[in-house]
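**Student:** Prediction below, plus the sequence it came from.
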Amino acid sequence: MSEEYSCQISPPFLSLGGDRELSLESTLQELPMYDFPVETNHTGMEITSFLERYPLLPGVILVEQGKFIGMISRRRLLEFFIRPFGQELLVQEPLAVLYSYARIPMLVLADTTSILTAMQLNLKRSPELLAEPIVVETESGAYRLLDVQELNVISWQIRGIDNLVRYERSQAQMIQNDKMANLGRLVDGVAHEILDPVGFIWGNITYVSNYSQDLLKLIAVYEQELPSVSQTINQIKEEIEFDFLEQDLSRSLASIRTGAERLKKLVTSLQNFCHIDELYPKPVDLHACIDSIILLINSRLQGEIEIVKYYGHLPPVYCFIGQLNQVLMNIFSEVVDTLLNEGVRQQLHLEETKSVQKPRIEITTEVISQEASNPNTPDSRWVLVRIADNGPGMSQEFQQQIMDSFSLETKNSKNTSLAVSYRIITVRHGGKLNFHSQIGIGTKFEILLPLV
């Protein structure tokens with residue numbers, strides 16, 4: 001090749017891509033690509049020397065006065081050597097003529113395209129085009145060539161990362177399930193030990209109440225039959241404050257009964273929350289589940305958060321009660337934390353706030369129907385549980401983070417409680433978990449469970 005031509009064609013430039021760690025969101029910008037634009041008035045023979053000097057060069061970007069025209073791959077140029085009169089065309093004719101003979105459909109992608117998407121688009125091409133390089137358009141408007149082999153290698157590495165993320169998540173979920181199972185057994189045993197003495201109190205409080213009333217009646221009869229009471233008896237009655245004791249005894253016994261009843265409900269709710277699910281789902285009263293969770297978190301409400309219930313008429317729903325309780329606990333904990341944090345923030349800025357609204361959680365349950373996409377299929381019926389608050393709401397960025405945690409396609413090492421809840425509702429129960437949030441209005445979570 002003459003020195004005149006070598007000055008006109010710049011050598012290929014290999015961009016090494018970004019230095020970021022590969023992830024499921026990696027784009028073509030992070031891959032090495034060749035920048036080798038050549039004007040179409042050059043001959044094919046001028047290009048062959050570059051193909052010899054750069055054996056990994058996948059092809060040539062064709063331009064006319066700097067404007068992108070197309071691409072000729074190394075494979076297409078070398079085919080001219082084996083064609084009849086191909087060598088004459090390669091030596092005598094410009095690249096514009098060769099391109100008219102070797103023109104094939106190109107795959108042109110933006111450099112912001114994800115690597116996995118580019119791999120899928122490449123596999124959709126015809127078999128004879130699978131080895132052709134991909135033309136990548138940069139944000140600055142330049143065009144580069146990406147070797148398909150490089151794309152294949154990197155995409156398989158990302159697939160390995162994807163599989164590793166899925167494996168780590170499954171292992172974390174197995175550990176979590178085993179931890180919850182062991183915790184459930186421990187709590188169930190402790191709850192059983194608590195219920196035994198509570199049962200003694202609950203079973204005997206009625207008898208104690210009756211006995212005390214009988215003794216008071218006996219004392220009253222003594223006072224009627226023996227109007228002349230000794231000074232010693234009057235002194236003892238004054239010392240023990242008999243008049244007050246007579247009035248307060250029934251109230252004390254009623255308080256003991258109420259405390260025992262509340263403790264029994266609390267321990268029962270704790271047992272239900274730590275329930276170890278069986279192999280198949282069982283019919284569950286959703287209202288009882290919600291009430292038990294509210295009873296467990298009652299200490300966190302601190303009398304500052306108002307709970308309003310709008311319960312509809314619900315049939316028993318087949319589900320795994322232990323996992324469903326976990327979902328309800330996760331959502332209520334998220335809502336309560338948000339409202340308590342907002343309450344603290346409003347107290348700190350009380351002078352700037354004209355009116356402070358009381359934190360409020362509204363719980364709505366109902367049966368709804370959704371139209372089927374197929375007209376020949378009957379409408380589906382769902383049980384809806386809506387948990388809404390009047391908190392500050394979520395930003396769009398935070399909502400997107402939650403949505404990303406729901407997806408297995410994103411590399412997210414944080415297995416959040418809402419992500420676990422989403423998988424329990426969708427995968428284990430075939431339901432839906434939606435949420436809607438607006439700044440300054442609040443957040444609304446919706447659990448949809450199918451009715452069999």
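**Tutor:** All right, it came through fine.

**Student:** what is the residue nearest to I331 when sequence neighbours are not counted paired to in the beta sheet?
**Tutor:** Using C-beta to C-beta, 6 or more residues apart in numbering and skipping the chain neighbours, the partner closest in space to I331 is F445 (5.1 Å). Using the backbone N, CA and C atoms, a C-beta is placed for each residue, glycine as well. With beta bridges defined as DSSP bridges, F445 has these partners: I387, F435.

**Student:** How many neighbouring residues does F445 have?
**Tutor:** A count of neighbours around F445, defined by other C-beta atoms under 10 Å, yields 23.

**Student:** isn't it right next to S333, touching?
**Tutor:** No: at 11.7 Å, F445 does not count as touching S333 under the criterion of C-beta atoms under 8 Å.

**Student:** W202 - how many residues pack around it?
**Tutor:** W202 has 16 nearby residues by other C-beta under 10 Å.

**Student:** and the residue of the chain positioned farthest from its centre, what are its phi and psi?
**Tutor:** For the chain, the residue at maximal distance from the C-alpha centroid (C-alpha atoms, centre = their mean) is S228, at 80.2 Å. For S228, the backbone dihedrals (degrees, to the nearest 10) come out as phi -90, psi 100.

**Student:** Contact partners for it?
**Tutor:** Not one residue lies near S228 by C-beta atoms under 8 Å, 6 or more residues apart in numbering.

**Student:** From T27, how far off is it?
**Tutor:** Taking C-beta to C-beta, to the nearest Å as the measure, S228 falls 104 Å from T27.

**Student:** go on, R74?
**Tutor:** With the distance defined as C-beta to C-beta, R74 ends up 25 Å from T27.

**Student:** pLDDT below threshold where in the stretch 251-400 of the chain?
**Tutor:** 274-279, 349-356, 371-379 (pLDDT under 70).

**Student:** Repeat the analysis, applying 80 as the threshold.
**Tutor:** For the stretch 251-400 of the chain, the stretches with pLDDT under 80 are 265, 268-280, 299-303, 343-357, 370-380.

**Student:** Tell me where it has strands.
**Tutor:** With DSSP state E, counting those that start in this stretch as the criterion, the stretch 251-400 of the chain has strands at 282-284, 306-310, 317-319, 360-370, 380-389.

**Student:** Which neighbouring elements make contact with the second one?
**Tutor:** Translated: strand 306-310. In terms of contacts (3 or more C-beta pairs under 8 Å, 6 or more residues apart in numbering; DSSP states H and E), strand 306-310 is packed against strand 360-370.

**Student:** Same check on the first one?
**Tutor:** With contacts defined as 3+ C-beta pairs under 8 Å, 6+ apart, strand 282-284 has these neighbours: strand 317-319, helix 321-348.

**Student:** For the longest one, what is the distance to the chain centroid?
**Tutor:** In this view, helix 321-348 has its centroid 16 Å away from the chain centroid, taken as C-alpha atoms, centre = their mean, to the nearest Å.

**Student:** Below-threshold pLDDT in the stretch 1-150 of the chain: ranges please.
**Tutor:** Using pLDDT under 80, the flagged stretches of the stretch 1-150 of the chain are 1-25, 44-45, 78-92, 101-103.

**Student:** Which residue ranges of it form helices?
**Tutor:** Secondary structure of the stretch 1-150 of the chain, counting by DSSP state H, counting those that start in this stretch: helices at 3-8, 44-53, 74-79, 86-92, 95-102, 115-123, 148-225.

**Student:** List of residues touching the third one?
**Tutor:** I take that to be helix 74-79. The contact list for helix 74-79, computed with C-beta under 8 Å, 6+ apart, reads 44, 47-48, 51, 57-60, 86, 90, 98, 102, 104, 131-132.

**Student:** Tell me the most packed of these, by neighbour count.
**Tutor:** Neighbour max across the contacts of helix 74-79 (other C-beta under 10 Å) = V60, 30 neighbours.

**Student:** how about stretch 246-258: buried residues?
**Tutor:** Buried residues in stretch 246-258, counted by 16 or more other C-beta atoms under 10 Å: L249, L253, R257.

**Student:** Report the contact partners of the second one.
**Tutor:** With C-beta under 8 Å, 6+ apart as the criterion, the residues that contact L253 are I205, V208, S209, S212.

**Student:** for the last one, same thing?
**Tutor:** Under the criterion of C-beta under 8 Å, 6+ apart, the neighbours of R257 are W202, I205, S209.

**Student:** so how far is K264 from the second one?
**Tutor:** To tie it back to what came earlier, the one meant is I205. With distances taken as C-beta to C-beta, I205 is found 12 Å from K264.

**Student:** circling back: could the contacts of R257 go into a markdown table alongside pLDDT and distance to P37?
**Tutor:** Shown next, in a markdown table, are those (pLDDT from 0 to 100; distance: C-beta to C-beta, whole Å):
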| residue | pLDDT | distance to P37 |
| --- | --- | --- |
| W202 | 78 | 88 |
| I205 | 84 | 92 |
| S209 | 86 | 97 |
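
**Student:** For V427, state which of the residues you listed is nearest.
**Tutor:** The shortest approach to V427 among these belongs to W202, at 40.6 Å (C-beta to C-beta).

**Student:** The closest one reaches K264, doesn't it?
**Tutor:** Yes: W202 lies in contact with K264 (C-beta under 8 Å); the separation is 6.4 Å.

**Student:** returning to what we had before: residues contacting the residue nearest to I331?
**Tutor:** Counting by C-beta under 8 Å, 6+ apart, F445 has contacts I331, V335, R386, I387, A388, L433, N434, F435.

**Student:** Which members of the residues you listed are classed as buried?
**Tutor:** Buried by 16+ other C-beta under 10 Å: I331, V335, R386, I387, A388, L433, F435, out of the contacts of F445.
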